[in-house]
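**Q** everything below, folded, please.
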Amino acid sequence: MTHLFTFVILAFLLVLLPGPDYVMITKNTLKDGTQAGMRTLFGTCTALCAHTTFAVVGLSAIIVKSAFLFSTFKIIGAVYLFYLGVKALLSMRKISANSLQQTEKETNTKQEPNFRQGVLTNLLNPKVAVFFLTFLPQFVNPNENTLISFTSSE
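**A** Numbers count the residues shown, from 1 in each chain. Model (predicted):
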């Protein structure tokens, strides 16, 4: 619990570093508005919670130690980002003066993909798993019950 303040400050500063998540949130906010950016942000946060869980149960360690699994995640993540880029470029070609006016139905259909983009962009980034494996253990005392140390106050 003595390192909680340091952990919070470092986590905050690391969140500010730009990466694929930042680009995805910014793109969706600029293209589809604040609501789309927030949905993408919540998707990213959901994936970060999953990465935390994977690190705690040891799944991230297995992925990082296996060259095959790590490479597979890298390739899948890169293909997904490439797919999103091509999709964005193709959608730019289809934009016309008439298509800029969106109906309520079209706006509602974009809600789920923004969240999903946030989840997949972060979840398929193996660097996040490596980061969690190297960052989180520095703040855990192996001689204490870590669950109790985070829930109890000093």
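
**Q** ok, residue 42 touching residue 116?
**A** No: judged on Cβ atoms under 8 Å, residue 42 makes no contact with residue 116 at a distance of 10.9 Å. For every residue, glycine as well, the C-beta is placed using N, CA and C.

**Q** ok, and the closest non-adjacent residue to residue 46?
**A** Once flanking residues are discounted, residue 46 sits nearest to residue 119: 5.4 Å by Cβ to Cβ, 6 or more residues apart in numbering.

**Q** in what helix or strand does that neighbour lie?
**A** Counting by DSSP states H and E, the element that carries residue 119 is helix 111-123.

**Q** and the helix or strand just after that helix, what does it pack against?
**A** Counting by DSSP H and E, the next helix or strand C-terminal to helix 111-123 is helix 126-135. Where contact means 3 or more Cβ pairs under 8 Å, 6 or more residues apart in numbering; DSSP states H and E, helix 126-135 is packed against helix 4-15, helix 34-57, helix 59-65, helix 67-94.

**Q** nearest spatial neighbour of residue 26, skipping sequence neighbours?
**A** residue 37 (7.5 Å).

**Q** the one you found against residue 23, yeah?
**A** No: applying Cβ under 8 Å, one finds residue 37 not in contact with residue 23, separated by 11.7 Å.

**Q** between these two, which is the more surrounded one?
**A** Between residue 37 and residue 23, counting by other Cβ atoms under 10 Å, residue 37 is the more crowded of the two (20 against 13).

**Q** residues contacting residue 133?
**A** When contacts are counted by Cβ atoms under 8 Å, 6 or more residues apart in numbering, residue 133 touches 55, 60, 61, 64.

**Q** any low-confidence regions in this structure?
**A** Counting by pLDDT under 70, the chain shows low-confidence ranges at 1-2, 94-112, 139-142, 144-154.

**Q** can we see that at 80?
**A** Across the chain, the ranges flagged by pLDDT under 80 are 1-4, 7, 10-11, 13-18, 88, 91-112, 134-154.

**Q** rewinding a little: which of the contacts of residue 133 are buried?
**A** 55, 60, 64 (16 or more other Cβ atoms under 10 Å).

**Q** and residue 58, what is it in contact with?
**A** Here residue 58 is in contact with no residues (criterion: Cβ under 8 Å, 6+ apart).
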